[in-house]
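Asker: predicted structure and sequence below. I'll ask about it afterward.
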Amino acid sequence: MHQEQRQPRILLTGWFSFPDGEATAGDVLALHRVEEVLRRAGLEYDVAWSPRFRPEALHLDAAAHEPYGWLVFVCGPLYGPQIEELHRRFAHCVRIAVGVSVIDPGSAAVTGFDHVIARDAPGAGPALDLAAHAPASPPRPVVGVLLAQGQYEYGQARRHDVVAKEVASWLHGKDCARLELETRLGTHDRRLCATPAQLHSVLVRLDLVVTDRLHGLVLALRAGTPALAVDPVEDGAKVTAQARACDWPALVPAERLDAAELDRWWQWCLTSGRVAARRIRDAFAGGTGRDGAEDLVTVLRQGRAG
């Protein structure tokens with residue numbers, strides 16, 4: 001009776017595997033596509049990750065000592081010494097490149113592979129990128145982050161640096177798309193919006209804003225987007241005052257800043273807070289609430305009369 005022959009082990013690699021390489025969204029989605037196809041075919045595999053991107057995962061140094069029979073390089077351009085070194089370290093494997101760009105077909109980075117399944121190469125028609133057919137995942141919340149710098153006028157009550165550090169660390173653990181924003185406008189800096197209307201166009205498309213700025217709170221609510229506001233001044237200052245003026249409950253004082261409190265308001269903002277923010281937006285548009293502008297006219301008229 002013949003013993004069943006075991007399928008050689010497969011190691012999936014890419015630019016996301018190198019210590020100084022990059023893990024891009026496109027490359028990782030291409031990897032997910034390959035993983036999906038291998039699972040459907042009943043083939044087992046491991047993935048080698050960059051230690052800088054995923055310190056706890058399998059890395060090339062450890063994988064080089066394992067008995068892999070196949071090495072698959074997924075996505076990206078085939079060029080350079082890193083890929084040539086991959087050929088040397090895994091010379092015992094059958095090496096395949098899939099979904100890759102071939103720039104120089106005669107380079108050692110390309111000729112070191114036993115099979116190259118290119119997405120584009122000289123003299124060949126293009127193939128669809130692997131990321132296009134990657135399995136879809138549910139959308140994550142898109143969160144605008146508006147954190148204050150400076151504001152030294154608050155002196156010893158100022159907690160801005162601590163608040164920014166703790167909020168950033170907490171947000172890092174959230175499965176969301178973070179978008180760093182700035183209320184400061186600029187016409188010579190491509191990172192800044194040039195007009196309030198441009199910033200508003202961003203805010204209306206967000207699921208949530210996390211901010212320790214007064215205008216981060218007001219502009220989010222004006223756009224109908226819930227804001228998780230943190231007052232960075234001990235005992236509360238203008239952010240707290242404005243949250244009260246707007247009748248907005250999702251406010252965390254600097255002295256009560258912790259993950260549990262942030263989590264509570266995060267959940268509220270992404271559920272009930274959406275309706276509450278739109279209600280406040282409509283109230284703003286309808287002119288509800290005092291903002292001081294009418295008082296200015298009264299003072300000016302009184303001054304003129306005097």
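Answerer: Structure received.
Asker: give me the sheet partners of the top strand by length along the chain and which way each runs.
Answerer: Of all the segments assigned as strand in the chain under DSSP state E, the longest by residue count is strand 68-78. In its sheet, strand 68-78 lies beside strand 9-13 (parallel), strand 94-102 (parallel), with partners assigned from DSSP bridges.
Asker: next, count neighbours for Ala259.
Answerer: Using other CB atoms under 10 Å, Ala259 has 12 neighbouring residues. Every residue, glycine included, has its C-beta placed from N, CA and C.
Asker: returning to what we had before: which one, of the strands paired with strand 68-78, ends up nearest to Leu251?
Answerer: Closest approach to Leu251 among the strands paired with strand 68-78 is made by strand 9-13 (46.4 Å; CB to CB).
Asker: pLDDT of that closest one, averaged?
Answerer: Computed over strand 9-13, the mean pLDDT rounds to 97.
Asker: for the next helix or strand after it, name the packing helices and strands.
Answerer: Helices and strands here follow DSSP states H and E; after strand 9-13, the next one along the chain is helix 25-40. Of the remaining helices and strands, those touching helix 25-40 by 3 or more CB pairs under 8 Å, 6 or more residues apart in numbering; DSSP states H and E are strand 9-13, strand 45-47, strand 68-78, strand 94-102.
Asker: report the buried residues of the helix or strand following the longest strand of the chain.
Answerer: Tracing the chain past strand 68-78, the next element assigned as helix or strand by DSSP H and E is helix 81-89. The neighbour-count criterion (16 or more other CB atoms under 10 Å) identifies Ile83, Glu84, Leu86, His87 as the buried residues of helix 81-89.
Asker: and helix 81-89 with strand 9-13, angle?
Answerer: Computed by axes from the mean of the first three to the mean of the last three CA atoms, to 10 degrees, the angle separating helix 81-89 from strand 9-13 equals 170 degrees.
Asker: what about helix 81-89, distance to the chain center?
Answerer: The gap between where helix 81-89 is centred and where its chain is centred comes out at 31 Å by CA atoms, centre = their mean, to the nearest Å.
Asker: now do it: which elements does it pack against?
Answerer: Contacts of helix 81-89 with other secondary structure elements, assessed using 3+ CB pairs under 8 Å, 6+ apart, are made with strand 68-78, helix 108-111.
Asker: now do the helices in the stretch 51-200 of the chain.
Answerer: 60-63, 81-89, 108-111, 160-172, 196-203 (DSSP state H, counting those that start in this stretch).
Asker: can you give the distance of the first one from its chain's centre?
Answerer: On the basis of CA atoms, centre = their mean, the separation between the geometric centre of helix 60-63 and that of its chain is 28 Å.
Asker: residues making contact with it?
Answerer: Helix 60-63 is contacted by residues Leu11, Thr13, Ser17, Phe18, Pro19, Asp46, Ala48, Leu86, Arg89 when judged by CB atoms under 8 Å, 6 or more residues apart in numbering.
Asker: for Phe284, which of the helices and strands packed on helix 81-89 is the nearest?
Answerer: Closest to Phe284 of those is strand 68-78 (CB to CB; 46.8 Å).
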